[in-house]
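Visitor: build me a model:
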Amino acid sequence: MQTVAVLSLKGGVGKTTVALGLASAALRRGIRTLVVDLDPQCNATSTLDPGETEATLADVLETPRPAVLRAAIAPSAWGEEVDVMVGSEDLESLNDPDPGMRRLEKLGRALAELGTLLAEGELPYQLVLLDCPPSLGRLTRSALVAADGALLVTEPTMYAVSGAQRAFEAVEDTRREQNPNLVTLGVVVNKVRTHSYEHQFRIAELRESFGTLVMPVALPDRLAVQQAQGACTPIHHWHTPGAREVALAFNLLLARVLRTSGRGRHQAIAWPDDDDPGE
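Guide: Numbering: from 1, shown residues only. Below is the predicted model:
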């Protein structure tokens with residue numbers, strides 16, 4: 001199981017869009033995926049449209065026992081391969097700016113229990129996506145402590161680039177102090193307009209700061225993303241030219257994330273062989 005924290009310390013850059021796009025690409029490849037909605041805005045939960053649950057992620061962070069964990073996970077409306085650990089506005093009250101290590105470890109302890117929840121014949125999760133809030137409190141830091149890799153999301157604007165730099169520093173601090181196995185998987189540039197001089201300037205600035213960590217695949221700014229999310233539909237199932245362009249980018253991004261996640265690991269994950277980025 002690979003656990004990826006998707007984060008940014010600047011709001012509005014499309015962090016949830018990236019988490020959902022990766023889940024959609026994983027669905028296309030038959031990769032069983034769990035989306036963990038750590039953002040109190042609960043946008044990922046809304047788009048994945050699960051049924052009612054007896055518990056939420058807020059309950060899991062308070063009491064990370066298997067029974068509570070099971071009660072907080074529900075199948076999404078997207079298909080059998082994508083489940084969601086549902087978010088809650090109550091998460092806001094848990095987002096302490098300076099929590100102790102015991103509290104930061106609760107999410108990781110809960111995720112370690114996922115294998116015990118499997119019904120007979122049920123496949124384990126191969127990919128867990130942690131959709132973090134745009135702040136560096138307990139919720140984001142818990143995700144970094146629990147994750148194998150961190151994917152930083154930005155858009156090509158001055159303030160978003162600054163947010164990506166602060167997020168990278170947070171990942172490095174967590175790696176040094178709490179989770180030595182954590183790696184930065186890359187920087188995803190979202191909402192790119194190809195013909196914008198400002199966007200090209202900021203992308204060049206990102207490459208100066210992050211080098212090869214900047215993903216070679218940028219996500220284009222397309223209305224189809226908002227349309228698909230509003231319809232609670234995977235971007236791969238939204239059949240417009242703009243959606244197909246974005247879906248292709250997510251196919252390539254997922255392939256890159258999975259390859260990068262596996263480097264240097266002692267345990268190899270048997271991912272599906274389909275690396276074809278096409279539809």
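
Visitor: hey, let's count contacts and neighbours off CA atoms from now on
Guide: OK.

Visitor: poorly predicted segments of the protein, please.
Guide: The chain contains residues with pLDDT under 70 at 120, 261-279.

Visitor: how about a cut-off of 50?
Guide: Low-confidence segments of the chain (pLDDT under 50): 264-277, 279.

Visitor: which stretches of it form helices?
Guide: 15-28, 43-48, 57-62, 66-72, 101-104, 106-112, 138-146, 158-177, 197-210, 223-230, 241-262 (DSSP state H).

Visitor: of the ones you listed, which approaches residue 3 most closely?
Guide: helix 138-146 (7.5 Å; Cα to Cα).

Visitor: one step back: please identify the most buried of the helices of the chain.
Guide: Highest mean neighbour count of the helices of the chain: helix 138-146, a mean of 27 (counted as mean count of other Cα atoms under 10 Å).

Visitor: quick one on the thing from earlier: so can I have a markdown table of the helices of the chain showing distance to residue 126?
Guide: A markdown table is the format used below for these (distance: least, Cα to Cα, whole Å):
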| stretch | distance to residue 126 |
| --- | --- |
| helix 15-28 | 10 |
| helix 43-48 | 18 |
| helix 57-62 | 20 |
| helix 66-72 | 17 |
| helix 101-104 | 23 |
| helix 106-112 | 12 |
| helix 138-146 | 15 |
| helix 158-177 | 23 |
| helix 197-210 | 28 |
| helix 223-230 | 24 |
| helix 241-262 | 10 |
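
Visitor: right, and those helices - which one's nearest residue 95?
Guide: helix 138-146 (4.8 Å).

Visitor: what's the angle between that closest one and helix 158-177?
Guide: Taking axes from the mean of the first three to the mean of the last three Cα atoms, to 10 degrees, one finds helix 138-146 and helix 158-177 inclined to each other by 50 degrees.

Visitor: other SSEs contacting helix 138-146?
Guide: Secondary-structure packing of helix 138-146 (3 or more Cα pairs under 8 Å, 6 or more residues apart in numbering; DSSP states H and E): strand 2-7, helix 101-104, helix 106-112, helix 158-177.

Visitor: hmm, who's touching the third one?
Guide: With contacts defined as Cα atoms under 8 Å, 6 or more residues apart in numbering, helix 106-112 is touched by 60-62, 64-66, 69, 142-143, 145-147.

Visitor: likewise the longest one?
Guide: Outside helix 158-177, the residues within contact range by Cα under 8 Å, 6+ apart are 7-10, 13, 136, 141, 144-145, 150, 152-155, 180-184, 187, 202, 206.

Visitor: hmm, try it at 6 Å
Guide: Under the criterion Cα atoms under 6 Å, 6 or more residues apart in numbering, residues 8-10, 154, 182 lie in contact with helix 158-177.

Visitor: closest one of the residues you listed to residue 105?
Guide: Of the contacts of helix 158-177, the one sitting nearest to residue 105 (Cα to Cα) turns out to be residue 182, at 14.0 Å.

Visitor: could you give the number of residues near the closest one?
Guide: Per other Cα atoms under 10 Å, the neighbour tally for residue 182 reads 23.

Visitor: now do it against residue 5, distance only.
Guide: As judged by Cα to Cα, to the nearest Å, residue 182 and residue 5 stand 10 Å apart.

Visitor: ok, the contacts of helix 158-177 vs residue 192, which is closest?
Guide: residue 154 (10.0 Å).

Visitor: what's near enough to touch that closest one?
Guide: Counted by Cα under 6 Å, 6+ apart, residue 154 has contacts 13, 160, 189.

Visitor: and it, bridged to which residues?
Guide: Going by DSSP bridges, residue 154 is paired in beta bridges with residue 189.

Visitor: picking up where we left off before, tell me which two in the contacts of helix 158-177 are the farthest apart.
Guide: Greatest spatial distance in these: 10 and 182, 21.1 Å, computed using Cα to Cα.

Visitor: re the thing from before, who wins for proximity to residue 118 among the helices of the chain?
Guide: Taking the helices of the chain one by one with Cα to Cα, helix 66-72 is closest: 9.5 Å.

Visitor: which residues are in contact with that closest one?
Guide: So helix 66-72 is contacted by 53-56, 60, 85 (Cα under 6 Å, 6+ apart).

Visitor: just the buried members of the residues you listed?
Guide: Neighbour counting by 16 or more other Cα atoms under 10 Å classes 55-56, 60, 85 among those as buried.

Visitor: I appreciate the help and will end here.
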